[in-house]
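*Asks:* I need the structure of the sequence given here:
(chains A, B, C and D)
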There are 2 protein chains.
Amino acid sequence: MSRASDRAYDHIRSMILSGELQSGSQIREEALAELCGVSRTPVRDALRRLEAEMFVRRNESQRSFVADWSLDDLEDAFQLRAMLEAHAAKRAAVRISRDQLARMRGHNAHLKQAIDASRPDVPKFLDNNRLFHSIILEAAASERLASMLLQVTEQPVVLRTARQYDLENLRRSHHEHD
Amino acid sequence: MSRASDRAYDHIRSMILSGELQSGSQIREEALAELCGVSRTPVRDALRRLEAEMFVRRNESQRSFVADWSLDDLEDAFQLRAMLEAHAAKRAAVRISRDQLARMRGHNAHLKQAIDASRPDVPKFLDNNRLFHSIILEAAASERLASMLLQVTEQPVVLRTARQYDLENLRRSHHEHD
DNA sequence: CGACAACTTATTGTATACAAATACCATTCG
DNA sequence: CGAATGGTATTTGTATACAATAAGTTGTCG
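*Replies:* Modelled structure (predicted):
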């Protein structure tokens, strides 16, 4: 997508995730346009996308608000995510190529290096973890599934920042990958 | 959403489903605008929605095309639908209220009447079937799930028109509902 | 003939002005 | 005092003009 509407999207999204735009508060197109330094047109575009991703919700008279996530919502997203990922793995298992499998092994090995280092390298871990899972999705060969999964994985980013990355968890993750 | 952009959405969508806009063919915003009798602005809105619903796809340089559905795509959608509906049923089962349950029984009874009539009343059957399932979705209480399900159920409408509604199938459906 | 570059056309992206819808507020009436 | 009503302000929706980008086309040179 084009530059201005992408900038608007990224900007608004990050303002929501950072809490700069408070949950539940109304957001006006013009105000956002000023904040992003673009006109309302690309802002509207961005809002539509964010609405589809449930970062923004609109009331019956088309006013936009920052979505506020209840615990139930988060649980719901998690449940869906678990199911969709299992489905992706199932599809991938019968479709994956040798090459893709090799790449997965590679990422898992790197990921192990990251946690075996004297001081665990969490960014490296996360990066390889992401790549590992992206290959499953690639092998599952379902755009629809991929987009659904994207929806439910991108969401709880707000909370993920606070998540604990203790060595125990990282090791368990590696073994599950294996 | 507003009138013009809704009209555009409905119009374009129906042109796609009816085959008036050929699968894989490029669609230009201005041409659609003329066809719908609105300006490009609401057309763009409609295209974005249709893109999210995978009726329209865009190439790397932002040109829009009517999506063409492979058999694999349809199977994929069906598989996802089965999974999501099962999930919905599971959630609904532990959340449903007496009232909702009663309404479901009611719709299933009407649905039975429709097939027990001397001549099966397919529209009545479909209507009650739809209501029956909508209560499951309501009871499942997950907006996200509902929107995902909408996506995969709305899609194969193209083919559904050709589907067989023989008495055998209708009866089986009723029993499964029970 | 084929590759490449300059130019021309087609298409989408953005800004802006204005129209339509909705919310907000004050005022009046029961 | 509370509900209804009218008018005003706020906010979103649409049309349109223009900018930016991508595609197609022609012409030149090797």
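
*Asks:* Do you have the strands of chain A handy? List them.
*Replies:* For chain A, the strands defined by DSSP state E occupy A:26-27, A:56-58, A:64-66.

*Asks:* From one end of stretch A:154-167 to the other, what's the distance?
*Replies:* Terminal residues of stretch A:154-167 lie 24 Å apart, using Cα to Cα, to the nearest Å.

*Asks:* what comes into contact with stretch A:61-76?
*Replies:* Contacts with stretch A:61-76, where a contact means Cβ atoms under 8 Å, 6 or more residues apart in numbering or on different chains, come from A:16, A:21-29, A:47, A:51, A:54-59, A:155-156, A:158-159, B:1-2, B:142, B:144-145. C-betas here are computed from N, CA, C, even on glycine.

*Asks:* Please spell out the ChimeraX selection for the buried subset of those residues.
*Replies:* Buried subset of those, written as a ChimeraX selection, criterion 16 or more other Cβ atoms under 10 Å in any protein chain shown:
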select /A:16,21,27,29,47,54,55,56,155,156 /B:142,144,145
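
*Asks:* picking up where we left off before, which stretch among the strands of chain A comes nearest residue B:81?
*Replies:* strand A:56-58 (25.0 Å; Cβ to Cβ).

*Asks:* Up against chain B, what does chain A have?
*Replies:* Contact residues, chain A versus chain B (Cβ under 8 Å from any Cβ of the partner chain): A:1-2, A:45, A:48-49, A:52, A:54, A:62, A:73, A:76-77, A:79-80, A:83, A:87, A:141-145, A:148, A:151-152.

*Asks:* List only buried entries from these.
*Replies:* For these, a burial check counting by 16+ other Cβ under 10 Å picks out A:45, A:48-49, A:52, A:54, A:73, A:76-77, A:79-80, A:83, A:87, A:142, A:144-145, A:148, A:151-152.

*Asks:* Sort out for me which of the residues you listed are in helices.
*Replies:* The helices, defined by DSSP state H, take in A:45, A:48-49, A:52, A:73, A:76-77, A:79-80, A:83, A:87, A:144-145, A:148, A:151-152 from those.

*Asks:* what's near enough to touch the residue most central in space within chain A?
*Replies:* Centroid check for chain A by Cα atoms, centre = their mean gives residue A:154 as the closest residue, at 2.0 Å. Shown in contact with residue A:154 (Cβ under 8 Å, 6+ apart): residue A:53.

*Asks:* same question, residue A:108
*Replies:* Residue A:108 makes contact with A:128, A:132, A:174, A:177-178 under the criterion Cβ under 8 Å, 6+ apart.

*Asks:* switch to 6 Å and redo it
*Replies:* Counting by Cβ atoms under 6 Å, 6 or more residues apart in numbering or on different chains, residue A:108 touches A:132, A:177.

*Asks:* Quick one, grab the pLDDT at it.
*Replies:* At residue A:108, the model reports a pLDDT of 91.

*Asks:* Next to DNA strand D, which bits of chain A? Give me the list.
*Replies:* A:2-3, A:26-30, A:40-41, A:44, A:62-64 (Cβ under 7 Å from any atom of the strand).

*Asks:* For DNA strand D, see how far away residue A:100 is.
*Replies:* Going from residue A:100 to DNA strand D by Cβ to the nearest atom of the strand, to the nearest Å gives 29 Å.

*Asks:* my guess is that residue contacts residue A:135, does it?
*Replies:* Yes: with contact defined as Cβ atoms under 6 Å, residue A:100 counts as touching residue A:135 (5.3 Å).

*Asks:* These two - which one has more neighbours?
*Replies:* A direct count of neighbours by other Cβ atoms under 10 Å in any protein chain shown for residue A:100 and residue A:135 places residue A:135 higher, at 20 against 15.

*Asks:* Name all residues that make contact with the more buried one.
*Replies:* Each residue near residue A:135 by Cβ under 6 Å, 6+ apart is listed here: A:100, A:103-104.

*Asks:* Mean pLDDT per element in chain A, and the minimum belongs to which helix or strand?
*Replies:* The weakest-scoring helix or strand in chain A, judged by mean pLDDT, DSSP states H and E, is helix A:157-160 (a mean of 55).

*Asks:* Any regions of chain A where pLDDT drops low?
*Replies:* Residues of chain A meeting the criterion pLDDT under 70: A:1, A:155-165.

*Asks:* who in it is up against DNA strand C?
*Replies:* Taking Cβ under 7 Å from any atom of the strand as the criterion, the neighbours of DNA strand C within chain A are A:1-6, A:38-42, A:45, A:59-63.

*Asks:* Write the PyMOL selection for whichever of those residues are buried.
*Replies:* Remark: buried members of those, expressed as a PyMOL selection using 16+ other Cβ under 10 Å:
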select buried, chain A and resi 4+5+38+40+42+45
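
*Asks:* Can you report how many residues neighbour residue A:115?
*Replies:* Using other Cβ under 10 Å, residue A:115 has 18 neighbouring residues.

*Asks:* There's contact between it and residue A:170 in this structure, I believe.
*Replies:* Yes: using Cβ under 6 Å, residue A:115 is in contact with residue A:170, at 4.5 Å.

*Asks:* about what we covered before: dump the strands of chain A into JSON lines; add distance to residue A:119 as well.
*Replies:* Shown next, in JSON lines, are the strands of chain A (distance: least, Cβ to Cβ, whole Å):
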{"stretch": "strand A:26-27", "distance to residue A:119": "41"}
{"stretch": "strand A:56-58", "distance to residue A:119": "39"}
{"stretch": "strand A:64-66", "distance to residue A:119": "37"}
